[in-house]
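> no sequence on this one, just coordinates:
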Ligand code: HEC
């Protein structure tokens, strides 16, 4: 008899745990779930950055970052072509954070580049920068490797 009670109790506890676990998964806010993913992989970081970019940067820079957004026509200077790996690779993360938080004037560029990063979290800034870097075929790492090769050749 006691054995059956223990079994029954065990069953109840396990069922309760499963139900509360399922509940938690169901009620996890989407935003939170996304943040967890972002922290996990660089790919997820780029995907989150792309969402931000399309929403906040594409009107000027274009969805693909080529500097051909709908507003680009009337802008002078033109929004940068962010697929230019050589150029983007020459900008450090610190520089980009300064640019995004303070707008063009923070880095002696045009005020037409707005301080949209001021309203972003550190994580959002990191993901939008990761996306911008993903736009250029010529990644900074590639550039470094090329530089090293050249240095090796010359001596
Ligand atoms: C209202 C239009 C506009 C929006 C929106 C915009 N930009 Fe720009 N961006 C510009 C212009 C114009 C320039 C060129 C500034 C210059 O050369 O003086 C620029 C330049 C840049 C540069 C190059 C800076 C440099 O030192 O040459 C980067 C990187 C950049 N933008 C990223 C972004 C990102 C990321 C976003 C979204 C968070 C964004 N921009 C949103 C207009 C815009």
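All right, it came through fine. Keep in mind the model is a prediction, meaning the values are calculated, not measured. Residues are numbered from 1 along each chain as shown.

> from the ligand, how far out is residue 121?
Per C-beta to the nearest ligand atom, to the nearest Å, residue 121 is found 13 Å from the ligand. Backbone N, C-alpha and C define where each C-beta goes, glycine included.

> what is the burial count for that residue?
10 (other C-beta atoms under 10 Å).

> can you give me phi and psi for residue 111?
phi -70, psi -10 (degrees, to the nearest 10).

> that one is in contact with residue 77, isn't it?
No: contact criterion C-beta atoms under 8 Å: residue 111 and residue 77 do not qualify, at 10.7 Å.

> who in the chain is up against the ligand?
56-57, 59-61, 71, 75, 77, 79-80, 82, 96, 99-100, 104, 107, 109-110, 112-114, 116, 128, 132 (C-beta under 6 Å from any ligand atom).

> now do residue 43, the pLDDT please.
At residue 43, the model reports a pLDDT of 87.

> how about the helices in this protein?
2-27, 30-40, 42-56, 58-61, 85-89, 93-102, 122-134, 140-154 (DSSP state H).

> mean pLDDT lowest where, among the ones you listed?
When I compare the helices of the chain, helix 30-40 is least confident, with a mean of 52.
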